[in-house]
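**Student:** Mind folding the following:
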Amino acid sequence: MQNEEDEVIQRRGTGWFSLILVVAALALGGAPLAGQSSFSGGMGVNFFRYDTAYLTALSATYLHDLGEGLELNLGAEFGINTDENDKGDTVPSFLIPLNLGLNFTFPRDAVTFVFGTGISPVFNFNPDTDDEFLFYMGPYAKGAVRVRVHPIMSLYTEVQQDLLIGGTDWINTGTRFSLGINFALDPLTP
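**Tutor:** Numbering: from 1, shown residues only. Model (predicted):
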């Protein structure tokens, strides 16, 4: 019994350290750079490991132009799923995936096609289970379409495929779909 408790404490400590490390990297990576930038907000669904669907209640991404046809992508999502436990209570689980990567943009008049790739750290919180906190990380690839509807606003749809290492199964895949709005932070963005 004591060994199991020690193992749980060790996993929690490692998980919190990983969370702090990733948040610090995001903060340093988000330092202002020269160039145009935009912000995307949306919602969608994350078919995490293809065994649990999480409602992505909030998706937020900072995009920074690095040059013609290339942008930095720093983003995070908040997903929730509920399930009924043995006592009949509704118990939530939370999924917080981050995105750190590059997007290759292909603008065509009012439509921009996007291909992105990078790394995705994922934090999975499962209260009232043996695996309360799980950490995953791995590469992703995504495709998106942005349609300009206003000089500083575009509607977007996006699909992302994740290959994540970690958790109890070690190799995990999943697909994310999202819809939302992209706002240019520089009103003069063409």
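
**Student:** what's the helix or strand where residue 72 lies packed up against?
**Tutor:** For residue 72, the element it lies in under DSSP states H and E is strand 70-84. Helices and strands touching strand 70-84, by 3 or more C-beta pairs under 8 Å, 6 or more residues apart in numbering; DSSP states H and E, are helix 2-29, strand 37-48, strand 52-67, strand 90-108. Where you see a C-beta, it was placed from the backbone N, CA and C, and this is true even at glycine.

**Student:** 10 Å - rerun?
**Tutor:** The contact analysis (3 or more C-beta pairs under 10 Å, 6 or more residues apart in numbering; DSSP states H and E) places strand 70-84 against helix 2-29, strand 37-48, strand 52-67, strand 90-108, strand 111-125, strand 170-184.

**Student:** And that strand, what's buried?
**Tutor:** 71, 72, 73, 74, 75, 76, 77, 78, 79, 81 (16 or more other C-beta atoms under 10 Å).

**Student:** what do you get for stretch 96-110?
**Tutor:** 96, 97, 98, 99, 100, 101, 103, 105.

**Student:** quick one on the thing from earlier: what lines up beside the strand holding residue 72 in the sheet?
**Tutor:** strand 52-67 (antiparallel), strand 90-108 (antiparallel) (DSSP bridges).

**Student:** ok, back up a step: output the helices and strands packed on strand 70-84 in CSV, with mean pLDDT and distance to residue 146 appended to each entry.
**Tutor:** Below are those laid out as CSV (pLDDT from 0 to 100; distance: least, C-beta to C-beta, whole Å):
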stretch, mean pLDDT, distance to residue 146
helix 2-29, 52, 22
strand 37-48, 97, 9
strand 52-67, 96, 10
strand 90-108, 96, 8
strand 111-125, 97, 4
strand 170-184, 96, 6
